[in-house]
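Participant: My questions concern the predicted model and sequence given below.
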Protein chains: 2
Amino acid sequence: MGPGPSDVSPRVLNAMCRSTLGHLDPLFVELMDETKALLQYAFRTENALTMPVSAPGSAGMEACFVNLVEPGDKVIVCINGVFGNRMVENVIRCGGEAIKIEDDWGNQSDLNKVEDALKAHPDAKILAFVHAETSTGVRNDAETLCRLAQQYDCLTIVDAVTSLGGIDVNVDGWGIDAIYSGSQKCLSCVPGLSPVSFSDRAVSVIQNRKTPVQSWFLDMNLIVGYWGQGGKRAYHHTAPVNSIYAMHESLVMLKEEGLENAWARHQSGHKKLVAGLEKLGLSMAVDEAYRLPQLNSVVIPDGVDDAEVRSRLLNEFNLEIGAGLGALAGKVWRIGLMGYACKDRNIDHCVASLEKVIR
Amino acid sequence: MGPGPSDVSPRVLNAMCRSTLGHLDPLFVELMDETKALLQYAFRTENALTMPVSAPGSAGMEACFVNLVEPGDKVIVCINGVFGNRMVENVIRCGGEAIKIEDDWGNQSDLNKVEDALKAHPDAKILAFVHAETSTGVRNDAETLCRLAQQYDCLTIVDAVTSLGGIDVNVDGWGIDAIYSGSQKCLSCVPGLSPVSFSDRAVSVIQNRKTPVQSWFLDMNLIVGYWGQGGKRAYHHTAPVNSIYAMHESLVMLKEEGLENAWARHQSGHKKLVAGLEKLGLSMAVDEAYRLPQLNSVVIPDGVDDAEVRSRLLNEFNLEIGAGLGALAGKVWRIGLMGYACKDRNIDHCVASLEKVIR
């Protein structure tokens, strides 16, 4: 019950350990097509360029930035946690210029400040933000941020690592241009893959770049030859075949449950957890209006030893919860309720164990 | 029995599907330390910076180039197959200048031409070459190439994707500065990880760069905080935990067998395969003096339909062999004898099936 990787269902683990097929085997290519279609369902998109990057979410982030940012491009980045800062790092390493919109960790990105920045920088090419800040438990207002970006003719890059499968992520409905997620959060798949999706507008920007994409491994102009719809697949790199078996199974499970039901399960698990924590006298660090159900930042009470509590939970109760990061280090615990791990027995165990450890 | 991914042992598949631990869990950190030590054994090195990159071999290649090449740097690249060309792509995308030494596909890189280039470009920073060219089945003379590089004060970047575990790879003995391999060839692990190792000299070059590494995900200055020896591990990205279970198990198997015994097994499997193929009237495309035992390029006889043979082997005999690539497309088949797949029953089945299909 940390900030991820989340618990992986036995179904997913079993799928993963099937024999390794060749990455160009016709049976595997069929599975790739199904995986793409399932990801389109999860992302709520018809984007043709929707597939898992063969590496963790950090590489999915990099895939979005290196493909869309060219040297000199201006990118407005919303920062209210660790991952906004990591976006800035990506912009800089692409030779772009990052316009930083900073808000306190634990608060939402301020829409007025974002609009001011869009007005002040009419030449900005991209607005980038984190939908679900894993470092704080804050949900940013993705729908409004996307609408603002469109109003000021900006592309959007959205971090959905922790949101996908836990709360609504509506790629086509909100008009997102580039989005990345992670396998190991609310999809409850093994860590190591990063689902991404690019709008046709983003694809056209990538195809018409003036400079080559600085990463060969993440160059979407090449990857599309392997993951592209139908026809012959050209070798680009060797896909992580077994991890894709796992992702396929985790997406089949999501579809069986239904997206809306998955969101509802995360929401009701969250309510149950909060009720249990409040009974222990603990309080939540993030305002209810923009609190993520899947990542719960809990204020560490005065006089309680952060590291000791986490260590006792792990060693005596076989339960992992996360430490605070950056500005919130030592101030909060982060309790994940992600995917397969978001269930009553875990919540009961978490509350009961915390009670024994902090009293 | 294609050019990889190779068959994965049930032991490795079983290890992989154990429950996913957190990437900072003390038990997982122990497993990381063991994995590093086992990789040092496989690479024959004491390099402290030895670990698996969390992505396929192509990303391991990119990790070596983006960390060592800065804009304007000259890199001499030996090209005698697909992967030499991919190295050139990497140099260019790092802003470096590639000096290309080209030899025919199926031949070794010519040592005299390499030495001439080293003489002609005294300011070259790096010599890069592929040890085992998966696209042709040629072994380049890594030991001599490394000695030449040292003589002319160049760093070396070596592609050992297909060599590691199949033939001798002696990182410390040959003085290699940066090397990358793949999980899915002679280690017979699932695809998706790329073991790398950097000499202390290379690490010092990386630490003293004038410009930041263009990839955040592959920046060794940051990754070392997570994979570094001892002490507290800092989060960089979420490691592909289950894939590392798999790699650990495959390396335990390699150590149990012993490196020398693994090389000998590949060599004797190769001899058995060649004897069987020659009985069918087939001939090898690569000179015996520098032929890889683990990747066998077989000349397609006149009048035999390349694609039909491969398709019938796959559909009627459940056997995958590889097509030729680039200059060798349609001219050779590539038969892999890698790791767990290099065993008598596979070789017998391959020769017997080919006999039925080509006669």
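Facilitator: That came through fine.
Participant: C-alpha only now, for contacts and for neighbours.
Facilitator: Will do.
Participant: Could I get the full set of helices for the stretch 1-150 of chain A?
Facilitator: A:10-16, A:26-43, A:57-68, A:82-93, A:111-120, A:142-151 (DSSP state H, counting those that start in this stretch).
Participant: Outside of the third one itself, list whatever touches it.
Facilitator: Think helix A:57-68. Applying C-alpha atoms under 8 Å, 6 or more residues apart in numbering or on different chains, the contact partners of helix A:57-68 are A:53, A:87, A:90-91, A:94, A:157, A:159, A:161, A:178-183, A:192-196, A:202, A:205-206, A:213-215, A:218-220, B:215-217, B:237-238.
Participant: Buried ones among the residues you listed?
Facilitator: Buried members of the contacts of helix A:57-68, counted by 16 or more other C-alpha atoms under 10 Å in any protein chain shown: A:53, A:87, A:90-91, A:94, A:157, A:159, A:161, A:178-183, A:192-196, A:202, A:206, A:213-215, A:218-220, B:215-217, B:237-238.
Participant: Could I get the buried residue list for the longest helix seen in chain A?
Facilitator: Identified as the longest helix of chain A according to DSSP state H is helix A:259-279. Applying a neighbour-count criterion of 16+ other C-alpha under 10 Å, one finds A:259, A:262-263, A:265-267, A:269-270, A:272-274, A:276-277 buried in helix A:259-279.
Participant: how about the strands of the stretch 101-250 of chain A, start to end?
Facilitator: A:126-130, A:132-133, A:138-139, A:155-159, A:178-180, A:194-198 (DSSP state E, counting those that start in this stretch).
Participant: what's the closest of the ones you listed to chain B?
Facilitator: Among the strands of the stretch 101-250 of chain A, strand A:194-198 comes nearest to chain B, with 11.0 Å by C-alpha to the nearest C-alpha.
Participant: Can you list the neighbours in contact with that closest one?
Facilitator: So strand A:194-198 is in contact with A:39, A:43, A:47-60, A:176-183, going by C-alpha under 8 Å, 6+ apart.
Participant: circling back to that earlier point, please convert the strands of the stretch 101-250 of chain A to TSV, extending it with distance to B:L337 and mean pLDDT.
Facilitator: Listed next are the strands of the stretch 101-250 of chain A as TSV, based on distance: least, C-alpha to C-alpha, whole Å; pLDDT from 0 to 100:
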stretch	distance to B:L337	mean pLDDT
strand A:126-130	46	98
strand A:132-133	46	98
strand A:138-139	51	98
strand A:155-159	42	98
strand A:178-180	37	98
strand A:194-198	31	98
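Participant: okay, those strands in a markdown table with distance to B:D344 next?
Facilitator: Listed next are the strands of the stretch 101-250 of chain A as a markdown table, based on distance: least, C-alpha to C-alpha, whole Å:
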| stretch | distance to B:D344 |
| --- | --- |
| strand A:126-130 | 53 |
| strand A:132-133 | 53 |
| strand A:138-139 | 57 |
| strand A:155-159 | 49 |
| strand A:178-180 | 45 |
| strand A:194-198 | 39 |
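Participant: Name the spans of the stretch 101-250 of chain A whose pLDDT lies under the cut-off.
Facilitator: Applying pLDDT under 70 to the stretch 101-250 of chain A flags residues A:229-231.
Participant: So which bits of it are right by chain B?
Facilitator: The stretch 101-250 of chain A has residues A:190-192, A:212-217, A:237-242 near chain B, with proximity defined as C-alpha under 8 Å from any C-alpha of the partner chain.
Participant: For the stretch 151-300 of chain A, which segments count as helices?
Facilitator: Using DSSP H, counting those that start in this stretch, helices in the stretch 151-300 of chain A cover A:171-174, A:200-207, A:220-227, A:241-257, A:259-279.
Participant: Export those to TSV and append columns for distance to A:L328.
Facilitator: Compiled in TSV, these are given as follows (distance: least, C-alpha to C-alpha, whole Å):
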stretch	distance to A:L328
helix A:171-174	30
helix A:200-207	35
helix A:220-227	36
helix A:241-257	32
helix A:259-279	19
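Participant: Ok, which of these comes nearest A:S9?
Facilitator: Set against A:S9 and scored by C-alpha to C-alpha, the helices of the stretch 151-300 of chain A come closest in helix A:241-257, at 8.1 Å.
Participant: contacting residues around that closest one?
Facilitator: By C-alpha under 8 Å, 6+ apart, helix A:241-257 touches A:11-13, A:15-23, A:28, A:31-32, A:34-35, A:38-39, A:41-42, A:165, A:183, A:187-190, A:192-193, A:262, B:190-192.
Participant: run the last query once more with 7 Å
Facilitator: A:12-13, A:15-17, A:20-21, A:23, A:35, A:38, A:183, A:187-190, B:190-191 (C-alpha atoms under 7 Å, 6 or more residues apart in numbering or on different chains).
Participant: which residue is nearest the centroid of chain A?
Facilitator: In chain A, the centroid-proximal residue (C-alpha atoms, centre = their mean) is A:V161; its distance is 0.6 Å.
Participant: pretty sure that one is touching A:I179, no?
Facilitator: No - contact criterion C-alpha atoms under 7 Å: A:V161 and A:I179 do not qualify, at 9.0 Å.
Participant: Quickly note the distance from the nearest residue to A:K272 once chain neighbours are set aside to A:L111.
Facilitator: Nearest non-adjacent residue to A:K272, counting by C-alpha to C-alpha, 6 or more residues apart in numbering or on different chains: A:I347, 7.4 Å away. Relative to A:L111, A:I347 is positioned 34 Å away (C-alpha to C-alpha, to the nearest Å).
Participant: who's more crowded, these two?
Facilitator: A:I347 (23 against 16; other C-alpha atoms under 10 Å in any protein chain shown).
Participant: how many neighbours does A:D302 have?
Facilitator: 8.
Participant: Tell me which residues touch it, please.
Facilitator: A:D302 neighbours (C-alpha under 7 Å, 6+ apart): none.
Participant: And it, its phi and psi?
Facilitator: Note on A:D302: its backbone torsions stand at phi -50, psi 140 [degrees, to the nearest 10].
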